[in-house]
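Undergrad: Sequence first, predicted coordinates after that:
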Amino acid sequence: MIGRFFRKFYLHIVIWTILLLLPFITYLYQPDKIADFKAYSALSHLVNIVFLATHFYLHCYVVAPTYFFGRRKIFVLLIALGFATYVALNYCIVYFNPAGELAHLTKENILFVRLVIGPGIIYSLCMITSSMIFLYDEQARQKELNKQIALEKTTAELTMLKLQISPHFLFNTLNNIRWLIRKQSPDSEDTIVKLSEMLRYILYEVNGPKVELFKEIDHMRNFIALQTLRLPIQGNITLDIEDKVKNRMIPPLLFIHFVENAFKYGVDSKTAPQIQFQFQETQGGIIFISRNRILQHTEPRPNEGIGLTNVRRRLQLLYPNRHDLSIRKTDVGDFEVTLKLMTDED
């Protein structure tokens, strides 16, 4: 770990060391000037270097990654605030200089140059260099991420198929259709059509990286309709969508896991299920909410958590730093999932 850190930052260490020792290099060629050495000047130089180095790495690894792409105004404001702080620091250095530097600079009418122009050039170079390193690292990270997405694409597609349409669901649906046909129910044909539409969507329409949200919603409607066939007690199942979100482009089969889980854990043979799904518009994206009552299940679930792990992994790959997934138990005992996606940057 130490070796990896040194390999990454050894050049940084060399450059900052040179900058720290720069004022003292002249003593190597003019040893007689050592007698003019002033401790206050050395201390003020050290304070400047520590300040610049601190802001350099805060900008590179905190400010830029957090605000550069999404909140540019805050990014600029923080840079301006850092520069103002640097000007104030230099004013304090000049003000408290026992050699009377403030009076000298005022007399020579170069106080503005010393406090604003000079520090402005130095601070700008520091921030520009820091931003260039951040952008270079971000480009390298994005290239690596694209490679990882390409390598995982085939496996992810197969995994999605296995996760989204389980044999258990298919067997139950086919048994329900057989039961409807035996009853000569008028709903049997419609049920077969819905199952056919689901299979067609998964097999033929989700090959691309994005689909329109309304297609995903239609797929969810079909899934919900088939799931309601096997409800032992009729309950309240709702799907509410704001019109403005329907044409958003989103990765396919991203929400269906939460719909499956709502039916998996929100239905039993004694209680009327209460399940709600919502799609809402938010600034720059969409919010998906799934809410259901928590009902007890006694049977073992050896594969529990695999689906959620896959969803989290896909979100990390497709929406790095642009999603927020919250899973919690509400005060009234409901299980609630809230997924916020910033889709405007796609």
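TA: Arrived safely, thanks for sending. Residues are numbered from 1 along each chain as shown.
Undergrad: Show me where the protein dips below the pLDDT cut-off.
TA: The model of the chain has pLDDT under 70 over residues 1-6, 27-28, 30-37, 151, 153-170, 172, 296-307, 345-346.
Undergrad: Determine the three-state secondary structure at residue 230.
TA: Three states are possible here, and by DSSP: H, G, I helix; E, B strand; the rest coil the one that applies to residue 230 is coil.
Undergrad: burial of it, as a residue count?
TA: Using other Cβ atoms under 10 Å, residue 230 is surrounded by 14 other residues. For glycine as for every other residue, the C-beta is placed from the backbone atoms N, C-alpha and C.
Undergrad: elements contacting the longest helix along the chain?
TA: If you go by DSSP state H, the chain has its longest helix at helix 118-164. Using 3 or more Cβ pairs under 8 Å, 6 or more residues apart in numbering; DSSP states H and E, the elements in contact with helix 118-164 are helix 39-58, helix 64-67, helix 72-95, helix 187-204, helix 256-265, helix 306-318.
Undergrad: mind putting those in CSV, mean neighbour count and distance to residue 112 included?
TA: Below are the helices and strands packed on helix 118-164 laid out as CSV (neighbours: other Cβ atoms under 10 Å; distance: least, Cβ to Cβ, whole Å):
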stretch, mean neighbour count, distance to residue 112
helix 39-58, 15, 18
helix 64-67, 17, 29
helix 72-95, 15, 10
helix 187-204, 15, 67
helix 256-265, 20, 60
helix 306-318, 16, 49
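Undergrad: quick one: which of those helices is nearest residue 106?
TA: Judged by Cβ to Cβ, the one of those that comes nearest to residue 106 is helix 72-95, at 9.7 Å.
Undergrad: count of residues packed around the nearest residue to residue 248 once chain neighbours are set aside?
TA: Of all residues beyond its chain neighbours, the one nearest residue 248 is residue 213 (4.6 Å), with distances taken as Cβ to Cβ, 6 or more residues apart in numbering. The burial count assigned to residue 213 is 21, neighbours taken as other Cβ under 10 Å.
Undergrad: Distance-wise, check residue 213 relative to residue 192.
TA: Distance, residue 213 to residue 192, using Cβ to Cβ, to the nearest Å: 26 Å.
Undergrad: who are the neighbours in contact with the residue nearest to residue 248?
TA: Each residue near residue 213 by Cβ atoms under 8 Å, 6 or more residues apart in numbering is listed here: 245-250, 279, 286.
Undergrad: and what of residue 56?
TA: Contacts were defined as Cβ under 8 Å, 6+ apart; by that measure residue 56 touches 126-127, 129-130.
Undergrad: Any of those buried? List them.
TA: For the contacts of residue 56, a burial check counting by 16 or more other Cβ atoms under 10 Å picks out 126-127, 130.
Undergrad: Can you convert these into JSON lines and add a column each for distance to residue 16?
TA: Shown next, in JSON lines, are those (distance: Cβ to Cβ, whole Å):
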{"residue": "126", "distance to residue 16": "11"}
{"residue": "127", "distance to residue 16": "16"}
{"residue": "130", "distance to residue 16": "13"}
